[in-house]
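[1] From the sequence below, what's the structure:
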Amino acid sequence: MDREDQVNEALKELLCSDYGEAAAEKIWEGYVPRPVTLRVNTLKLSAEEGKSALLEAGFSFESVPWYASALILRGTREEELRRTPLYEEGKIYLQSLSSMLPPLCLAPKTGESILDMTAAPGGKTTELAALSEGKALITACERDRTRFERLKFNLARQGAGRVTALCADALTLDEHFSFDKILLDAPCSGSGTADGRPLRIDSAYVERCARLQENLLKKALRLLKKGGTMLYSTCSVLKREDEQVLKNVLPPNVRIEPIEGFEGIPRLPSMEGTVCVAPTQLYEGFFLAKLKKE
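    Modelled structure (predicted):
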C-alpha cells in the first residue's frame, strides 16, 4: 500500500466508524472537484446588480434557492473571475456554498455586537457584514500574522468598514468583553472538504483538533452574553469534531436551537437540531450547530 492509499484508508476507517460502511462509501463518492461558487457582495451592489454584471462580463451561472447572493458557475475557472473588475473591486467573493451557511444561520442584525473568533481569510466575516447591511459591530480575530494581513486585505476590498480586526488568539481575549452573537468556525481536520486529493487525516490528528475546538467553544460561551446566540461550525463530517465536542462542552444553561430552512441541501445524520452537510458535487461537508445561552 503506497502513502496515498494509507492516507485515504485512515480517513475511510474514521468515516466507517461514524456512519457505517455503506454511508462512508457514499461520503467518499462526494469527494470530487466542485464548480466555482461565489457570493455577490451586497455591501457594494445588490444581488440582481451582481448577476447583471456577471452576464455582461460573459459569465453564465445558476442561482441557489436558499440565498439570493449565491451563484454557481459551472465550467468557469477561478482565475477567469479573479481577472475581472468585479473581483478586483470586491463586488464578488469566491466562497464555497457550505461556508456561506454559518453567517446565514447566525442572522446578524443592525447594532448587534458580533465576534468572529477565527476569522481569516474573511469570507464569513464579510458575509456577516453584508447580511447586517454593514450595521453590526463585528470583531474579527486571527492569531496568525500572515493570515491576519489577508483578513485585513479582504475586509478593505469588500468594504466591511465597521469590522474591528484583531491579530490575537481568541482564547486569550479578555473576558470583560461580551457579545450578542458569536461565530466559531473552528479549525478542524477538513474532512468535509476533500476534492479527490488525499487528506492527511488520522485519529490522532482529529483528537488534537477536537481538543482545540473544545477549548475555543468553552471560551466562546464565556464571552457570549446571557440570551445570546452562537454558531459552532466545522468543515468536518467526523463526529468527534462535531457533536462529540458539543456533548463534552455544553453546560446546562446552553441549548441547541434547531436550524431550519435550507431545503435541498444534502445532509448526513447528526444530533437533533444540528445540520451536517454531506459532501457532494456541489457541497463541501460541513457541520453547524446554533446555540442559545439562557
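[2] rest of the way, CA atoms for contacts and neighbours
    Will do.
[3] Pro258 touches Thr274, doesn't it?
    Yes. Using Cα atoms under 8 Å, Pro258 is in contact with Thr274, at 6.2 Å.
[4] Those two: who's more crowded?
    Per other Cα atoms under 10 Å, whichever of Pro258 and Thr274 has more neighbours is Thr274, with 22 against 13.
[5] domains in the protein, as residue ranges please.
    36-94, 98-293 (automatic domain parsing).
[6] what's the most buried one of those?
    Comparing the domains of the chain by mean neighbour count (mean count of other Cα atoms under 10 Å), domain 98-293 comes out on top with a mean of 20.
[7] for the record, mean pLDDT for that one?
    Throughout domain 98-293, pLDDT has a mean value of 97.
[8] centre of the chain versus that domain, how much separation?
    Between the centre of domain 98-293 and the centre of its chain there are 6 Å (Cα atoms, centre = their mean, to the nearest Å).
[9] Could you shift the numbering so residue one becomes 23, and keep it that way?
    Renumbered: residue one is now 23, and that last one reads domain 120-315.
[10] and that domain, how far apart are its ends?
    25 Å (Cα to Cα, to the nearest Å).
[11] Over to stretch 297-306?
    End-to-end for stretch 297-306, by Cα to Cα: 13 Å.
[12] With stretch 75-87 instead?
    End-to-end distance for stretch 75-87: 20 Å, by Cα to Cα.
[13] Tell me how many other residues crowd the residue nearest to Ile223 when sequence neighbours are not counted.
    If the residues on either side of it in the chain are set aside, Ile223 comes closest to Leu33, at 5.9 Å by Cα to Cα, 6 or more residues apart in numbering. For Leu33, the count of nearby residues is 21 (other Cα under 10 Å).
[14] Assign Leu33 to helix, strand or coil.
    helix (DSSP: H, G, I helix; E, B strand; the rest coil).
[15] how about the strands of the stretch 173-316 of the chain, start to end?
    Assigned by DSSP state E, counting those that start in this stretch, the stretch 173-316 of the chain shows strands spanning 185-188, 201-207, 246-256, 276-279, 289-290, 297-299, 308-315.
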